[in-house]
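**Student:** Next one to model:
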Amino acid sequence: MGKVEKAFLAVASLLLSLYWPADLLPLGAASASILTFAVGAWVIFRASEVAVSGIDGLSSALGVPGYVAGVGAALVSSLPELTITLVAVSSGFPTLVEAAVLSVIASVGFGLIMLAALVLLHAVKFGGPMRLPREVLTLELDAFAFTASSYSVLATLALILFVESGGSGASLPRSAGAILVAVYLSYLIHMLSSREAGGGQTGRSGAGPTSVAIEAVAGIAAVVLAGGAVVHATEALLNQAHLGRVQAALALALVGTVPEHAVAFTAASAGRGDIGLGNLLGGFTQLSLLVVGLIAATADVPADPYVIVQLAVASASMAMLKLFSRDDGAIDAGEAGLMAALQLLAFDLLLSL
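**Tutor:** Next up, the predicted model:
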C-alpha cells in the first residue's frame, strides 16, 4: 500500500470518527448512513492490511508467537464496542440488556461462520486442513471447555427460572457474570504471558519495534474508527426500518464483528493463519466470557426463551469446536461446514421464536 493511499486512509478514518453526521452533508439521514457504511467498509478492509503487517512485524520483533499477538489485537480492536455495549446496558432497560446479550452471543456465531470460511480458504490455497497453533491446543481449548460447561449450566438455570417465574420477571444472578469475568482475566494473563516458541509461524524480520508498533497501532486505530462508524450507521438504518429485537440484534452482531473478521481474513489471505486464528478465536473467548460476563455482572439479564436458546447454542458450538480441534490438532472443511450449519440452525430458531 503506497503512501498516498495510506494518507487517504488516515483522513477517511478521522472523518468517519465524526460518523458523517447528516447536518454536515447535503444528504438525508438515510443516504448519509449508507455513505458511512460504504466508506467505513472500505477503510476497515484496507486498514486491516496495515494492521496485520504491523502485528506480524511486532510479533517477530518482540519474539511473541503470532497467535498471541492476534489475541492482543482482538482485545484492543473491540474495546470501543465493549464500551458502547456497557453504556447501553447501564440504562437498566430490560429490552436493551437483552438485545446486548443476544447481539454479543450471536457475534460468536457469526465468528464461527467466519472460521469455517477461513478453513475453506486454507483448503483451497494449501490443499489440506488448517493446523492449529500450539497456543490453541494448550490454552484456548481450556477456555472453550469452560465456556461450553458454564453456558450449559446458565442455560439450564435460565430455563428453571423461566418456568418457576411463569415466563416473566426472572433474571440470571449477577454473581455468575463476575465469575465469567474473573475466568477471562485469568485466561488473558496466561495467554499474553505465553512466549512459547514454535507455536506460530515466523513473521517478517528486519523492521524495528518502533516502526512496526506504529504501523500496528495506526492500522488497528483506523479499523476501530471505521468499525464504530459502520455500527453507528447500521443502528440508524435499523431504527428507520423498525425491525424486531431479534432481527436488530442479529444485524448489529453481524456488522459489529466486521472489523475483527476483516483482520482475521486479511491475515489468513497473507499466509499468517496464526494471527488470523488468534484474532478470531481470541475474540470468541473475549465475547463469551468478558463481554457477556460484564453485562451479566452489571445488569439483570432476563431468563427468557431468546437468552436460553442463545446460551444453549453457544455451549454446543464451543463444545463442537473443542472436539474438532482436539481430535487431530486441525480443522478440516467438513468440520467447518458442520459448525457453520449449526449456527445457521441457531439463527433460524431465533428468528422463528
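**Student:** Next up, the contacts around Gly54.
**Tutor:** For Gly54, the contact set (Cβ atoms under 8 Å, 6 or more residues apart in numbering) comprises 212-220. Just so you know, the C-beta spots here come from the backbone N, C-alpha and C atoms, and that holds for glycine as well.
**Student:** who wins for neighbours among the residues you listed?
**Tutor:** Counting neighbours by other Cβ atoms under 10 Å, Gly219 leads the contacts of Gly54 with 27 neighbours.
**Student:** doesn't Glu49 make contact with it?
**Tutor:** Yes: at 7.4 Å, Gly219 and Glu49 qualify as touching, with contact defined as Cβ atoms under 8 Å.
**Student:** Residues that sit against both of the two, list them.
**Tutor:** What both Gly219 and Glu49 touch, as defined by Cβ under 8 Å, 6+ apart, is an empty set.
**Student:** so what's Ala178 closest to, chain neighbours aside?
**Tutor:** Ala297 (4.7 Å; Cβ to Cβ, 6 or more residues apart in numbering).
**Student:** Quick check, that neighbour in contact with Tyr184.
**Tutor:** No: contact criterion Cβ under 8 Å: Ala297 and Tyr184 do not qualify, at 11.4 Å.
**Student:** which of those two has more neighbours?
**Tutor:** Set Ala297 next to Tyr184 and count neighbours by other Cβ under 10 Å: Tyr184 wins out with 23 against 18.
**Student:** residue contacts, that one?
**Tutor:** Counting by Cβ under 8 Å, 6+ apart, Tyr184 touches 143, 285-286, 289-290, 293.
**Student:** Among the residues you listed, which lie within strands?
**Tutor:** Judged by DSSP state E, the subset of these located in strands is empty.
**Student:** I'd like the residues you listed laid out as JSON lines, including neighbour count.
**Tutor:** What follows is these, written out as JSON lines (neighbours: other Cβ atoms under 10 Å):
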{"residue": "Ala143", "neighbour count": "25"}
{"residue": "Thr285", "neighbour count": "26"}
{"residue": "Gln286", "neighbour count": "25"}
{"residue": "Leu289", "neighbour count": "26"}
{"residue": "Leu290", "neighbour count": "21"}
{"residue": "Gly293", "neighbour count": "22"}
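**Student:** Go through those and name the one nearest Met339.
**Tutor:** Set against Met339, the nearest of these by Cβ to Cβ is Thr285 (16.0 Å).
**Student:** looking at it, the closest one is touching Ala145, isn't it?
**Tutor:** No: the pair Thr285 and Ala145 does not pass the contact test of Cβ under 8 Å, sitting 11.1 Å apart.
**Student:** if I look at those two, which residues touch both of them?
**Tutor:** By Cβ under 8 Å, 6+ apart, no residue touches both Thr285 and Ala145.
**Student:** Against Ala100, how distant is Ala248?
**Tutor:** 11 Å (Cβ to Cβ, to the nearest Å).
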